[in-house]
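> next one to model:
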Amino acid sequence: MYKQNEISQIVQQLDKALPLQRLVVGVQFLFNQETYTNYPCKNYTGKLSFCQMVRRAMDNESYKYNFENFTCRCAAEALGLVEEMDCVASGERYFATRLHISRSVAKQVQDSLLRIHHRVAGIVVGPLETLEAPDLSIIVCNTFDAMRIIQGYAYVFGPPRNISTVGNQGFCCDLAARPYETDDLNISFLCAGTRFKNDWATDEVGIAMPINKFIPTARGVIQTLNPIENRTRKQAVADRLSSPDELGITIDYDENYGKNAAAYCTPGKLRR
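As a prediction, this is how the structure comes out:
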């Protein structure tokens with residue numbers, strides 16, 4: 001279990017290394033009513049979609065939410081707050097949206113959008129470093145930063161093996177249920193609902209993973225900084241640092257991955 005100060009430190013380092021334009025969000029499941037009641041966080045009194053909850057957290061707000069706070073039943077089902085309706089597994093509900101050509105296609109899409117099958121009393125959504133024991137981390141960023149995060153993940157874990165997205169239920173399924181169920185990173189192009197409600201920039205995407213993957217991935221982003229980033233971006237990172245050793249690495253302005261592998265890539269000099 002990672003401690004809050006450890007999470008806070010790595011979030012700050014990741015922000016210096018990229019930087020991120022929005023706060024990293026954490027989601028924590030509260031599995032019973034006693035835990036929900038005693039969790040030291042304000043209970044939200046209105047109704048929101050899950051993506052709006054995440055959006056508020058990116059504005060530095062932390063709340064706990066139960067089923068009564070959800071405007072979107074699909075999200076509540078995906079997160080384990082309520083049993084899914086009978087029309088879900090058959091594909092009937094998705095077919096009714098007219099987003100798919102047939103019920104069988106709608107069923108395949110629905111089956112790909114994983115739902116969490118545990119039951120919880122509620123969830124906490126807030127800036128990652130404010131949660132007591134976060135289960136998930138969610139980042140909304142531009143596509144360049146998403147690339148860097150994928151590179152950080154691949155540095156430690158290799159390729160993510162469970163990426164899946166269909167342009168619908170971008171937060172509740174793509175960025176919460178799937179990462180939790182697969183214990184893996186997932187990326188999302190979000191969905192029309194969240195883009196219209198929350199005014200994300202057109203080049204922003206979502207990327208999420210369980211907390212046990214987040215800290216190693218963030219460290220992987222830092223470790224790949226020298227081989228990946230160009231001199232201009234390295235200088236921008238250096239300008240953001242409070243001290244030269246803040247990231248735990250020395251910035252090398254001359255290193256790049258092409259130079260590192262040059263001996264293995266020169267035409268006519270194949271190694272056997």
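> mind listing the helices for the stretch 151-272 of the chain?
Shown for the stretch 151-272 of the chain, the helices assigned by DSSP state H, counting those that start in this stretch span residues 178-182, 192-198, 211-223, 225-228, 231-240, 257-260, 262-265.
> please identify the deepest-packed of these.
Burial of those is given as mean neighbour count (mean count of other CB atoms under 10 Å); helix 178-182 ranks first at a mean of 23. In this view, the C-beta of every residue, glycine as well, is placed from N, C-alpha and C.
> what does it contact?
The set of residues external to helix 178-182 that reach it, using CB atoms under 8 Å, 6 or more residues apart in numbering, is 113-116, 135-136, 162, 164, 184-186, 208-210.
> how deep is residue 22 tucked in, by neighbour count?
18 (other CB atoms under 10 Å).
> tell me the pLDDT of residue 23.
pLDDT for residue 23: 98.
> so it makes contact with residue 127?
Yes: between residue 23 and residue 127 there is a contact under CB atoms under 8 Å: 4.8 Å.
> between those two, what contacts are shared?
57, 58, 60.
> reformat those as a markdown table; add secondary structure.
What follows is those, written out as a markdown table (DSSP: H, G, I helix; E, B strand; the rest coil):
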| residue | secondary structure |
| --- | --- |
| 57 | helix |
| 58 | helix |
| 60 | coil |
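> kindly write the PyMOL command that selects the buried subset of those.
PyMOL command restricting the shared contacts of residue 23 and residue 127 to the buried ones, with burial defined by 16 or more other CB atoms under 10 Å:
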select buried, resi 57+58
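> pick the one among the shared contacts of residue 23 and residue 127 closest to residue 146.
Nearest to residue 146 among those is residue 58, at 15.6 Å by CB to CB.
> so who does the closest one touch?
22, 23, 25, 127, 140.
> turn the residues you listed into CSV, including distance to residue 121 and secondary structure.
What follows is those, written out as CSV (distance: CB to CB, whole Å; DSSP: H, G, I helix; E, B strand; the rest coil):
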residue, distance to residue 121, secondary structure
22, 28, coil
23, 25, coil
25, 20, strand
127, 22, strand
140, 27, strand
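> number of nearby residues for residue 255?
Residue 255 has 15 nearby residues by other CB under 10 Å.
> one step back: among the contacts of helix 178-182, which ones are buried?
113, 114, 115, 116, 135, 136, 184, 185, 186, 208, 209, 210.
> lowest-confidence one in the residues you listed?
Among those, residue 113 has the lowest pLDDT, at 86.
> list the contacts of residue 146.
Residue 146 is in contact with 187, 205, 207, counting by CB under 8 Å, 6+ apart.
> enumerate the positions of the host helix or strand of it that are buried.
Assigned by DSSP states H and E, residue 146 belongs to helix 143-157. Along helix 143-157, these residues count as buried under the neighbour rule (16+ other CB under 10 Å): 145, 146, 148, 149, 150, 151, 152, 153, 155, 156, 157.
> what angle separates it from helix 231-240?
For helix 143-157 against helix 231-240, the angle by axes from the mean of the first three to the mean of the last three CA atoms, to 10 degrees is 80 degrees.
> helix or strand right after the lowest-mean-pLDDT helix or strand in the chain?
In the chain, no helix or strand scores lower on mean pLDDT, DSSP states H and E than helix 86-89, which sits at a mean of 79. Using DSSP H and E, the helix or strand that follows helix 86-89 in sequence is helix 92-96.
> quick check: buried residues in that next one?
93, 94, 95.
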